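Chemist: Below: sequence and its predicted model.
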Amino acid sequence: MLFDTHVHLNAEQFSEDFEEVLTRAKAAGVEKMVVVGFDRPTITRAIELVEQYDYLYASVGWHPVDAIDMTDEDLVWLEKLAEHPKVVALGEMGLDYHWDKSPKDIQKEVFRKQIRLARRVKLPIIIHNRDAAKDIVDILSEEKAAEVGGIMHCFSSSPEVAKQCMEMNFHISLGGPVTFKNAKKPKAVAEIVPLDRLLIETDCPYLAPHPYRGKRNEPAYVKLVAEQIAEIKNISFEELAKITTDNANKLFDLD
Ligand SMILES: [Zn+2]
Ligand SMILES: [Zn+2]
């Protein structure tokens, strides 16, 4: 059984064939998924979905690219949603220096506010990092994020950064890029992360693994991620699947 810890089934890319996507996920052995909301429409949709399907859970937060749009009312809304029985984490939140829609200082402020919120409501956080590893590590440390811990999602930084994050109580989640032939860093990270800190995800509809690279990603493909990591770790697929599922259940406080 597999646990896809990061899906955007709330994205419009799944509106046409939603049920088929779920059927293929089940057939591939995916037993649970966390639907990640990152702005008003996707958070609203994530909550609708988790109220409808018992094996879907939600994480709600504000994406750094859209940090400039987050109001104080939105933060109050997130705090209220944190009480929802199927909201298991906050995020994705973090820093993204690739896109320049939101200035860095606004991204940092919105990130800090959400970490403080997570500490108040005692939920783990899901971190999005693009080209911002140093500032992310600094802010996680300054805001005492270790108190709640969480997930470095679709981790693409160095093994050194992975170690720093693990020291702060974070799990490392790997996605499609670990299957790319030229992906040296994710493979090196897969090698050094201890099994009890490892998670898997698709981040679908983005970042489809080999041989679907460039196509729409979907939860069923998390199996390809698991197979690749099992090979790197030199353990069986079944063992890798069980350990990463156990890790996710423990982190999200599920049975
Ligand atoms: Zn992300
Ligand atoms: Zn995402």
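Modeler: Nice, I can see it. Ligands and ions are numbered 1, 2, ... in the order given.
Chemist: burial count for Gln52?
Modeler: For Gln52, the neighbour count with other C-beta atoms under 10 Å is 8. For every residue, glycine as well, the C-beta is placed using N, CA and C.
Chemist: Tell me the buried residues in the longest helix along the chain?
Modeler: Using DSSP state H, we find that the single longest helix of the chain is helix 104-121. For helix 104-121, the neighbour count (16 or more other C-beta atoms under 10 Å) marks Gln107, Lys108, Val110, Phe111, Lys113, Gln114, Ile115, Leu117, Ala118, Arg119, Val121 as buried.
Chemist: Kindly reformat those residues as a markdown table containing distance to ligand 1 and pLDDT.
Modeler: Formatted as a markdown table, the buried residues of helix 104-121 follow (distance: C-beta to the ion, whole Å; pLDDT from 0 to 100):
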| residue | distance to ligand 1 | pLDDT |
| --- | --- | --- |
| Gln107 | 13 | 98 |
| Lys108 | 17 | 98 |
| Val110 | 15 | 98 |
| Phe111 | 13 | 98 |
| Lys113 | 18 | 98 |
| Gln114 | 14 | 98 |
| Ile115 | 16 | 98 |
| Leu117 | 18 | 98 |
| Ala118 | 17 | 98 |
| Arg119 | 21 | 98 |
| Val121 | 21 | 98 |
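Chemist: Distance check, Ser15 against ligand 1.
Modeler: Between Ser15 and ligand 1 the distance is 20 Å, computed by C-beta to the ion, to the nearest Å.
Chemist: Helices of the stretch 151-255 of the chain, residue ranges please.
Modeler: Taking DSSP state H, counting those that start in this stretch, the helices of the stretch 151-255 of the chain run over residues 159-167, 184-192, 222-233, 237-251.
Chemist: Pretty sure Lys32 sits in a strand.
Modeler: Yes. Counting by DSSP: H, G, I helix; E, B strand; the rest coil, Lys32 is located in a strand.
Chemist: gap between it and Pro205?
Modeler: When distance is defined by C-beta to C-beta, to the nearest Å, Lys32 is 19 Å away from Pro205.
Chemist: Over to Arg120?
Modeler: 32 Å.
Chemist: okay, the longest helix of the chain in CSV with CA atoms only?
Modeler: Output of helix 104-121 as CSV, limited to C-alpha atoms (Å, rounded to 0.1, in the frame of the first residue of the first chain):
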residue,chain,number,x,y,z
LYS,A,104,10.8,38.2,-1.1
ASP,A,105,10.0,40.2,2.0
ILE,A,106,6.3,39.5,1.6
GLN,A,107,6.9,35.8,1.0
LYS,A,108,9.0,35.6,4.2
GLU,A,109,6.4,37.4,6.3
VAL,A,110,3.6,35.2,5.1
PHE,A,111,5.8,32.1,5.7
ARG,A,112,6.6,33.2,9.2
LYS,A,113,2.9,33.9,10.0
GLN,A,114,1.9,30.4,8.9
ILE,A,115,4.6,28.7,10.9
ARG,A,116,3.4,30.6,14.0
LEU,A,117,-0.1,29.5,13.2
ALA,A,118,1.0,25.9,12.9
ARG,A,119,2.6,26.1,16.3
ARG,A,120,-0.6,27.5,17.8
VAL,A,121,-2.8,24.8,16.3
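Chemist: Packing partners of that helix?
Modeler: helix 72-81, strand 87-96, strand 125-130, helix 133-142 (3 or more C-beta pairs under 8 Å, 6 or more residues apart in numbering; DSSP states H and E).
Chemist: The closest residue to Phe180 other than its chain neighbours - how many residues pack around it?
Modeler: Distances taken as C-beta to C-beta, 6 or more residues apart in numbering place His210 nearest to Phe180, at 5.9 Å, with adjacent residues excluded. His210 has 16 neighbouring residues, counting by other C-beta under 10 Å.
Chemist: and whichever residue of the chain sits closest to ligand 1, bridged to which residues?
Modeler: Residue nearest to ligand 1 within the chain: His128 (3.5 Å; C-beta to the ion). Legend: beta-bridge partners of His128 under DSSP bridges are Gly94.
Chemist: Can you give me the neighbour number for it?
Modeler: For His128, using other C-beta under 10 Å, the count is 24.
Chemist: I'm done for today, thanks for sticking with me.
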